[in-house]
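1. Kindly return the folded structure for what I paste below:
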Amino acid sequence: MTLPQHPAAGFHRASSNDNAFTIVYRDAAALAEVLDDARTLAVFRFARGSAAAQGGDRPDAADLDAARLEDTRLRDARLIDVGLRQHGAAMIEVWRSAGVVTHGRSGPLAWASDGQLELGRLEIDEPEGEDIAAAAEQAYALLEQHLAASERPHLLRVWNYLDAVTAGSGDDERYRRFCVGRVRGMARLDEARLPAATCIGRHDGVRRLQVYWLAGSMPGRPLENPRQVSAYRYPRQYGPQSPSFARALLPDPASGLPLLLSGTAAIVGHASQHGGSVPVQLSETLANLDSLVATARAHDAALPAVLGARSPLKVYVRREEDLPLVEAELRRQLPDDVPRVILHGEVCRAELLVEIEGMHAR
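-> Numbers count the residues shown, from 1 in each chain. All right, here's what the predicted structure looks like:
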């Protein structure tokens with residue numbers, strides 16, 4: 001995997017100052033050091049070990065022992081455990097702010113902020129006897145209430161993780177029900193202000209919705225991909241409620257943030273492409289990312305034309321047996337300096353085998 005060769009890979013503002021906002025992938029052993037840094041805005045940790053051996057994407061025994069030793073740090077609002085198994089070397093994703101970060105909790109919601117940016121998160125258990133729509137509605141209602149009272153009210157990017165995202169058939173599919181609940185909870189739904197977003201399924205059997213988000217004091221510019229139909233304009237065949245997100249979002253230049261790329265897969269127009277072929281789906285996905293970068297450069301010519309060392313990616317792979325193939329194809333199809341982590345996660349259409357999200361900076 002590329003990352004161990006680039007322990008500080010990520011993106012940086014156009015500055016040589018150590019105070020610049022950065023995202024890096026680091027060895028998981030650096031967790032304590034990272035959380036001791038007052039400028040750490042968030043740390044994302046992924047599950048380890050075989051899903052089959054562990055009965056789901058749960059930490060192995062060594063991880064659990066380490067967690068017990070780090071009990072105080074586990075209560076840190078900046079540490080986010082994502083229940084997706086990571087392929088390859090154990091890495092953490094570290095967001096380091098330009099300023100000192102404060103953080104805390106309020107009920108199910110945790111937050112960390114440097115005064116201009118905020119990383120918020122919450123986890124909602126699916127109510128007994130109800131489906132994922134109820135949890136999504138509750139989560140997004142809480143998110144909306146929080147933003148309405150916040151000095152950082154502009155939603156820029158959202159991540160959603162839930163168990164078994166494509167279980168169920170027709171309009172009862174869990175992803176379709178999630179989309180219904182999300183909109184019910186979004187009191188201020190505005191298609192002109194939709195954030196970039198990701199929704200991925202876990203394989204752990206835990207019926208709990210995880211939502212985390214990036215918000216700012218300044219709004220961004222939502223972007224669409226000319227190769228694709230906007231997700232919020234999907235035809236009825238994809239469910240009673242279209243997905244509510246932008247394909248990408250370009251933050252205000254003063255924020256210092258990169259281009260925020262939504263979860264992107266092998267979709268052209270609104271139709272999935274290349275069923276059954278991981279390499280070709282991956283190529284189509286990268287073509288869509290290239291198209292989004294080109295669209296963003298029409299508004300910010302300083303963005304590089306191609307992905308590189310300042311373009312950290314998260315790659316989600318539906319089938320566990322495809323993880324080594326995806327790793328090999330990424331080496332073949334991407335420049336060596338592009339940082340990435342590969343995760344075993346279920347894409348929100350059953351025929352799609354891989355999805356990629358990321359960021360892209362000057």
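2. Strands of the stretch 251-362 of the chain, residue ranges please.
-> When assigned using DSSP state E, counting those that start in this stretch, the strands of the stretch 251-362 of the chain occupy the ranges 259-264, 267-268, 271-272, 313-317, 340-344, 354-360.
3. Would you mind telling me which of the ones you listed is nearest residue 293?
-> Among the strands of the stretch 251-362 of the chain, the nearest to residue 293 by CB to CB is strand 354-360 (5.9 Å). Using the backbone N, CA and C atoms, a C-beta is placed for each residue, glycine as well.
4. Which of the strands of the stretch 251-362 of the chain sits closest to residue 90?
-> strand 340-344 (10.0 Å).
5. hmm, who's touching that closest one?
-> Contacting residues not belonging to strand 340-344 are listed as 1-3, 25, 46, 51, 57, 82, 84-88, 91, 93, 200, 203, 312-317, 320, 323, 326-327, 330, 334 [CB atoms under 8 Å, 6 or more residues apart in numbering].
6. Of the residues you listed, select the buried ones using a ChimeraX command.
-> Paste this into ChimeraX to select the buried members of the contacts of strand 340-344, with burial taken from 16 or more other CB atoms under 10 Å:
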select :2,3,25,46,51,57,82,84,85,86,87,91,93,200,203,312,313,314,315,316,317,323,326,327,330,334
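7. what about residue 308, neighbour count?
-> 16 (other CB atoms under 10 Å).
8. tell me the phi and psi of it?
-> Main-chain dihedrals, residue 308, degrees, to the nearest 10: phi -160, psi -150.
9. and it, what does it touch?
-> By CB under 8 Å, 6+ apart, the neighbours of residue 308 are 335, 337-338.
10. possible to save the strands of the stretch 251-362 of the chain as JSON lines with mean pLDDT and distance to residue 101?
-> Output for the strands of the stretch 251-362 of the chain, formatted as JSON lines (pLDDT from 0 to 100; distance: least, CB to CB, whole Å):
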{"stretch": "strand 259-264", "mean pLDDT": "98", "distance to residue 101": "20"}
{"stretch": "strand 267-268", "mean pLDDT": "98", "distance to residue 101": "36"}
{"stretch": "strand 271-272", "mean pLDDT": "98", "distance to residue 101": "40"}
{"stretch": "strand 313-317", "mean pLDDT": "98", "distance to residue 101": "22"}
{"stretch": "strand 340-344", "mean pLDDT": "97", "distance to residue 101": "23"}
{"stretch": "strand 354-360", "mean pLDDT": "97", "distance to residue 101": "19"}
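11. can you tell which of those is closest to residue 243?
-> Of the strands of the stretch 251-362 of the chain, nearest to residue 243 by CB to CB is strand 259-264, at 9.7 Å.
12. and the angle for the closest one with strand 313-317?
-> 0 degrees (axes from the mean of the first three to the mean of the last three CA atoms, to 10 degrees).
13. between the strands of the stretch 251-362 of the chain, which gets nearest to residue 146?
-> strand 259-264 (19.5 Å).
14. partner strands of that closest one, parallel or antiparallel?
-> Pairing partners of strand 259-264, with direction, according to DSSP bridges: strand 248-250 (antiparallel), strand 354-360 (antiparallel).
15. just checking, residue 96 touches residue 43?
-> No: taking contacts as CB atoms under 8 Å, residue 96 lies outside contact range of residue 43: 9.6 Å.
16. quick one, which of these two is more surrounded?
-> Neighbour count, other CB under 10 Å: between residue 96 and residue 43, residue 43 has more, with 25 against 22.
17. distance of the more buried one from residue 85?
-> Going from residue 43 to residue 85 by CB to CB, to the nearest Å gives 18 Å.
18. can I get the contacts of residue 308 in CSV with neighbour count and distance to residue 252?
-> Below are the contacts of residue 308 laid out as CSV (neighbours: other CB atoms under 10 Å; distance: CB to CB, whole Å):
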residue, neighbour count, distance to residue 252
335, 12, 28
337, 14, 27
338, 22, 25
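19. Could I get these in JSON lines, plus columns for pLDDT and distance to residue 222?
-> Converted to JSON lines, the contacts of residue 308 look like this (pLDDT from 0 to 100; distance: CB to CB, whole Å):
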{"residue": "335", "pLDDT": "96", "distance to residue 222": "27"}
{"residue": "337", "pLDDT": "96", "distance to residue 222": "28"}
{"residue": "338", "pLDDT": "96", "distance to residue 222": "24"}
